[in-house]
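Enquirer: predicted model and sequence below, questions to follow.
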Number of protein chains: 2
Amino acid sequence: MTKNITSQTIQRLPVYLNFLRSLPEEKKKGNISATAIAEALGLNDVQVRKDLACISSGGRPKIGYCTSELISDLGRFLGFENRDSVIVAGMGNLGKAMMEFGSFADYGFDVVCGFDRKDSIAGTTIGGKPVLHIRDMKEYCQRENIRIGIITVPAKAAQEVCQQMADAGIRYILNFAAVHLNPPEGTQVHNENISITLAMLVRGSK
Amino acid sequence: MTKNITSQTIQRLPVYLNFLRSLPEEKKKGNISATAIAEALGLNDVQVRKDLACISSGGRPKIGYCTSELISDLGRFLGFENRDSVIVAGMGNLGKAMMEFGSFADYGFDVVCGFDRKDSIAGTTIGGKPVLHIRDMKEYCQRENIRIGIITVPAKAAQEVCQQMADAGIRYILNFAAVHLNPPEGTQVHNENISITLAMLVRGSK
C-alpha cells in the first residue's frame, strides 16, 4: 500500500495527522472526508485523496474515512509501532529544547540521551533524560543501537561531532549547526539551517 | 541581475556564502572557480555557475571569481546592506536559542526583542536583548516597524500569537510550534515542524 509514495506525500502526512488529532473528541468518533480535510488545511482535495489512499484503505465514497482509523493508519506509517531512539549532541538552549521537545513523540521518536563536552553538564538530566560526556557517545550508541542523532553544537565543532556520530553507528543526522556538513558514507545528513529558512521566507518572496 | 532567480537558487546562495566564508583567510584573497565550489559542496558545476551568475557579474572564464568580491555580492543579495529586525514570541528553551542564535546576523537578521506571557520573564534580558510581556508586542512592533516574527510558543497558543503578530503588522512568520498555522491575509507563514523534518529524513528514505 505504500508503494510509489512520494516525499511530497510523506511531508503532508504528519500535517493530516496533526490536524485530525487537533479535532474535538466528539468529531474523532465520526467520519471525515478528504474534501473536508483539504478545505481545513487549504490544500487541493484531489491531492489529499491521493495522499490518504497511499497509507489507508479505509476511504469509502460519500462517507469518507473513519476518523479514528485514519489517525491509526497515519500514526502506523509515521512510526508509532516502530519507535526510534534519538540522541542529541550539544546542550545549549537549542539542544535543551530538543531534549524537551514534546512533538517528537508524536512522530515515533524518543529522545533518550544528551551529550556535551562540558564536564559540568555531563551527569545531569535535562527534561528527565540523562546527559553524558561526549566521549561516552560511541559506547552508548553502540550499546543501545542508536541510529539517529541531532547536532546542536557550535558550527566549528559540528563536522567533528558528525564524524563521531557516524563512527558510533548513527545513520541519520539532523544538523542545526550553521555549517554545511559533508557526511561520511553510509550516513545521511539533513542540514537544517534556520537562518536560511528565514532568508527564504523573507527574501525569496520579495 | 536578479531577474528570473528561482527559489532553488536562493536556497543554495547561503550555502555558497557559508562555504566561502569558511575558507582560510589566505584563500579568501585569491580567486575561486564555480567548478571548485561545486566540487567542495558536491553540487553540479553547471548549476553553481548559473546560480552565481544570478547575483554576481564578476565571473571570468578560466579565472573564476575574486573570492572576496563574490562574498560581498552574495552578502549584498542576502540582506547585508538592508538588515531586518526580528522578534521572538515564547521564551522557552527554543525561544532562548533564537534570541542567542549567532548565524541570523550573517544573513541580515537582527533579533531585537523577545516576548512572553509570563510576568516573571517580562522585563528581563536574554542574550543581551530585552524581553517584554506579550501584551506589549503590538505597540513595540508598530513603533519599531517590525515585519518578521518567530513563534516558539506551545502549539495550543500558536494560532492566537500568529493573529496577534499579524495585527501588529508582522508580514513574515517562522513558526516552530508543532501545529499548522493558517495565516491571516497579507502575512506569510513558514511552518517549521522539526518532527516532520526528522520523519522525512528517517522514514522518507526507508
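Expert: Arrived safely, thanks for sending.

Enquirer: mind giving me the packing neighbours of the strand or helix carrying residue A:200?
Expert: Using DSSP states H and E, residue A:200 falls within helix A:194-203. For helix A:194-203, the elements it packs on are helix B:7-22, strand B:109-116, strand B:148-151, strand B:172-175, strand B:188-191, judged by 3 or more CB pairs under 8 Å, 6 or more residues apart in numbering or on different chains; DSSP states H and E. For the C-beta atoms, the positions are set from N, CA and C on the backbone; glycine is no exception.

Enquirer: so where's chain A uncertain?
Expert: Residue ranges of chain A with pLDDT under 70: A:1-4, A:7, A:80-81, A:204-206.

Enquirer: for it, just list every one of the helices.
Expert: For chain A, the helices defined by DSSP state H cover A:7-22, A:25-28, A:34-41, A:45-55, A:67-77, A:93-99, A:137-144, A:155-167, A:194-203.

Enquirer: now those in CSV, with mean neighbour count?
Expert: Output for those, formatted as CSV (neighbours: other CB atoms under 10 Å in any protein chain shown):
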stretch, mean neighbour count
helix A:7-22, 18
helix A:25-28, 10
helix A:34-41, 17
helix A:45-55, 18
helix A:67-77, 19
helix A:93-99, 25
helix A:137-144, 15
helix A:155-167, 19
helix A:194-203, 21
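
Enquirer: mind checking which of the helices and strands packed on helix A:194-203 is nearest residue A:18?
Expert: Among the helices and strands packed on helix A:194-203, strand B:188-191 comes nearest to residue A:18, with 9.7 Å by CB to CB.

Enquirer: starting at the chain centroid, how far to the closest one?
Expert: Centroid displacement of strand B:188-191 relative to its chain, using CA atoms, centre = their mean, to the nearest Å, is 12 Å.

Enquirer: list the helices and strands that strand packs on?
Expert: Using 3+ CB pairs under 8 Å, 6+ apart, strand B:188-191 sits against helix A:194-203, strand B:172-175.

Enquirer: ok, which of these comes nearest residue B:103?
Expert: Of all the helices and strands packed on strand B:188-191, helix A:194-203 sits nearest to residue B:103, with 4.6 Å by CB to CB.

Enquirer: please state the offset of the closest one from the chain centre?
Expert: Distance, stretch centre to chain centre, for helix A:194-203: 20 Å (CA atoms, centre = their mean).

Enquirer: tabulate the CA atom coordinates of that helix in CSV.
Expert: Taking C-alpha atoms only, helix A:194-203 is exported to CSV below (Å, rounded to 0.1, in the frame of the first residue of the first chain):
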residue,chain,number,x,y,z
ILE,A,194,17.3,28.2,10.4
SER,A,195,18.8,31.4,9.1
ILE,A,196,18.5,30.0,5.5
THR,A,197,14.9,29.1,6.2
LEU,A,198,14.2,32.7,7.4
ALA,A,199,16.0,34.2,4.4
MET,A,200,14.0,32.0,2.0
LEU,A,201,10.8,33.2,3.7
VAL,A,202,11.6,36.9,3.7
ARG,A,203,13.9,37.4,0.7
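
Enquirer: contacting residues around that helix?
Expert: Residues outside helix A:194-203 that contact it (CB atoms under 8 Å, 6 or more residues apart in numbering or on different chains): A:176, A:178, B:7, B:10-11, B:14-15, B:77-79, B:84, B:86, B:98, B:101, B:103-104, B:106-109, B:147-148, B:150, B:172, B:174, B:188, B:190, B:192.

Enquirer: what subset of these is buried?
Expert: Among these, the ones that count as buried by 16 or more other CB atoms under 10 Å in any protein chain shown are A:176, A:178, B:10-11, B:14-15, B:77-79, B:84, B:86, B:98, B:101, B:103-104, B:106-109, B:147-148, B:150, B:172, B:174, B:190, B:192.

Enquirer: ok, residue A:75 touching residue A:17?
Expert: Yes: assessed by CB atoms under 8 Å, residue A:75 is found in contact with residue A:17 at 6.4 Å.

Enquirer: so what's residue A:79 up against?
Expert: Going by CB under 8 Å, 6+ apart, residue A:79 touches A:107-109, B:199, B:202-203.

Enquirer: make that residue A:12, sorry
Expert: Residues near residue A:12 by CB under 8 Å, 6+ apart: A:43, A:47-48, A:51.

Enquirer: any idea how far residue A:35 lies from chain B?
Expert: Using CB to the nearest CB, to the nearest Å, residue A:35 is found at 17 Å from chain B.

Enquirer: now that residue: closest residue in space that isn't a chain neighbour?
Expert: Counting by CB to CB, 6 or more residues apart in numbering or on different chains, residue A:45 is the residue found nearest to residue A:35 once chain neighbours are left out, at 4.6 Å.

Enquirer: shouldn't that neighbour be in contact with residue A:52?
Expert: No: if you go by CB under 8 Å, residue A:45 and residue A:52 don't touch, sitting 10.6 Å apart.

Enquirer: find residues that contact each of those two.
Expert: Residues touching both residue A:45 and residue A:52 by CB under 8 Å, 6+ apart: residue A:34.

Enquirer: can I see the domain layout of chain A?
Expert: According to automatic domain parsing, chain A is divided into the following domains: A:7-77, A:84-198.

Enquirer: quick one: which of these is nearest residue B:159?
Expert: Closest to residue B:159 of the domains of chain A, according to CB to CB: domain A:7-77, at 10.1 Å.

Enquirer: dump the contacts of residue A:79 into a markdown table; add distance to residue A:117 as well.
Expert: Shown next, in a markdown table, are the contacts of residue A:79 (distance: CB to CB, whole Å):
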| residue | distance to residue A:117 |
| --- | --- |
| A:107 | 29 |
| A:108 | 29 |
| A:109 | 24 |
| B:199 | 29 |
| B:202 | 26 |
| B:203 | 31 |
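
Enquirer: can you tell me which two in those are farthest apart?
Expert: Using CB to CB, these span at most 10.0 Å, a distance reached by A:109 and B:203.

Enquirer: picking up where we left off before, need the helices and strands packed on helix A:194-203 in TSV with distance to residue B:159, can you?
Expert: Shown next, in TSV, are the helices and strands packed on helix A:194-203 (distance: least, CB to CB, whole Å):
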stretch	distance to residue B:159
helix B:7-22	26
strand B:109-116	16
strand B:148-151	10
strand B:172-175	10
strand B:188-191	10
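
Enquirer: so which of these is nearest residue B:34?
Expert: Proximity to residue B:34 (CB to CB) singles out helix B:7-22 among these, at 9.4 Å.
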